[in-house]
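# Sequence plus the predicted model coming up.
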Amino acid sequence: MKVPEGKTITLTLVSHQVKDKKMRWAVNLTFPGGAGDGAVLPISVEDGEGGPVKSAVFEFAGKAIPIKDGVGELSYADFIKGKHEKAIWLKRRGMDPVPGALTFA
Amino acid sequence: MTDHEWYELVKEGGDAGWKLVWENVIVPESKAAKNADLMKRFSLTDGDLMGMLYEEMIGRRKIDLYRDDGGSLQGWLRKYVRGYILNADPNKHGEISIDNAHPDAEDGHTGLEMPVDDLGMTRNEVWNMTHLCFKDLWNEDPERAYVMLFKTRFHLSSEETRDLLEVSSVANVDQIFSRAVKFMRRAWVEHDENGM
């Protein structure tokens, strides 16, 4: 379990294209170069207008990850454990949950 | 190493053969002055060329077309790479272009050919289709989608992908990748037939 030295990899996940722009979201999940066992992968979450999502729960890799002021984190070990999990959701208080997908971007 | 030995390694799709492809095919072609200029104009990177060659040779099994009878494997692969660079030229795809201008007006002034295809639209469709097929791949098994992404988008080797995703072996990574490519191709045809 190791990210190649000197290669930081950032995955981008985005919401399905819901009509209301405010409902949309984009998440960056970063694998820092050289990260191994015990590492934590930082997550940043923006809403459809480019601002940080204040408070939410990001469901990914089978975990419910709390997001506060646009940031959260997932342990590398949990990512590996959940690498076959398909569900991706962002749940915000007072808003309908919005599903998303991993992108090529 | 003989060309035959190299060919066998390239066919396997592993790093041993493809490292040599990078050094002996991609790097010299991308460094050639004429190609470097075209690549800059068409926003093409050496990583793009490597990805295209890998996809064509391993993903579409074009490597099986190589006649392993003493001809230069390097020369054969370099022809493909030169083709990718030349085909990246939008003037070859019917886009309105000053290069396509010709003096066909009766008054002798320069006219512009109207495009037969809209390259921008085609690119958009290809991009949308890629995402659609990638979503299908995710729904089949997210691990396959990760392997596809790490190898084609981030150009990680099979060893690096094995370590990053904790897959049991390099051979397993290559197998997952090969299945992912096949899946994407099948999904592409299905979506194409159903009008996306």
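Done, it's in. All figures in this text were calculated on a predicted structure; none of them were measured in a lab.
# list the buried ones in stretch B:27-35?
By 16 or more other C-beta atoms under 10 Å in any protein chain shown, the buried positions in stretch B:27-35 come out as B:29-30, B:35. Bear in mind the C-beta positions are built from the backbone N, C-alpha and C, glycine included.
# what does chain A put close to chain B?
A:1-4, A:7, A:9, A:11, A:31, A:80, A:83-86, A:101-104 (C-beta under 8 Å from any C-beta of the partner chain).
# Could you list the residues of chain B in contact with chain A?
B:130-131, B:134-135, B:138-139, B:141-143, B:145-146, B:149-150, B:153-154, B:156, B:160, B:163-166.
# what about the helices in chain B?
B:3-12, B:15-21, B:27-31, B:33-41, B:46-54, B:73-87, B:119-140, B:142-148, B:158-165, B:170-193 (DSSP state H).
# now these in TSV, with mean pLDDT?
Formatted as TSV, the helices of chain B follow (pLDDT from 0 to 100):
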stretch	mean pLDDT
helix B:3-12	88
helix B:15-21	89
helix B:27-31	91
helix B:33-41	84
helix B:46-54	86
helix B:73-87	87
helix B:119-140	78
helix B:142-148	95
helix B:158-165	95
helix B:170-193	88
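# just to revisit the earlier point, show me which of the residues of chain B next to chain A are buried.
Buried, going by 16+ other C-beta under 10 Å: B:131, B:134-135, B:138, B:141-143, B:145-146, B:149-150, B:154, B:156, B:160, B:163-165, out of those.
# which residue sits closest to the residue nearest to the spatial centre of chain B, ignoring its sequence neighbours?
With distances taken as C-alpha atoms, centre = their mean, the residue of chain B nearest its centroid is B:Met52 (1.5 Å). In this structure, B:Met52 finds its nearest non-sequential neighbour in B:Tyr84, 5.1 Å apart by C-beta to C-beta, 6 or more residues apart in numbering or on different chains.
# Could you tell me the end-to-end distance of stretch A:64-84?
From its first residue to its last, stretch A:64-84 covers 15 Å (C-alpha to C-alpha, to the nearest Å).
# actually stretch A:57-64, not the one I typed
6 Å.
# likewise stretch B:36-55?
Stretch B:36-55: ends 22 Å apart by C-alpha to C-alpha.
# Contacts for it next, please.
In this structure, residues lying in contact with stretch B:36-55 by C-beta atoms under 8 Å, 6 or more residues apart in numbering or on different chains are B:13, B:18, B:21-22, B:25-27, B:29-30, B:77, B:80-81, B:84-86, B:88-90, B:151-152, B:155, B:181.
# What subset of those is buried?
Here, 16+ other C-beta under 10 Å leaves B:13, B:18, B:21-22, B:25-26, B:29-30, B:77, B:80-81, B:84-85, B:88, B:90, B:151-152, B:155, B:181 buried among the contacts of stretch B:36-55.
# circling back to that earlier point, now do the contacts for the residue nearest to B:Met52.
Per C-beta under 8 Å, 6+ apart, neighbours of B:Tyr84: B:44, B:48-49, B:52-53.
# From these, pick the one nearest chain A.
For the contacts of B:Tyr84, the closest approach to chain A (C-beta to the nearest C-beta) belongs to B:Asp48, at 13.1 Å.
# tally of neighbours for that closest one?
B:Asp48: 19 surrounding residues under other C-beta atoms under 10 Å in any protein chain shown.
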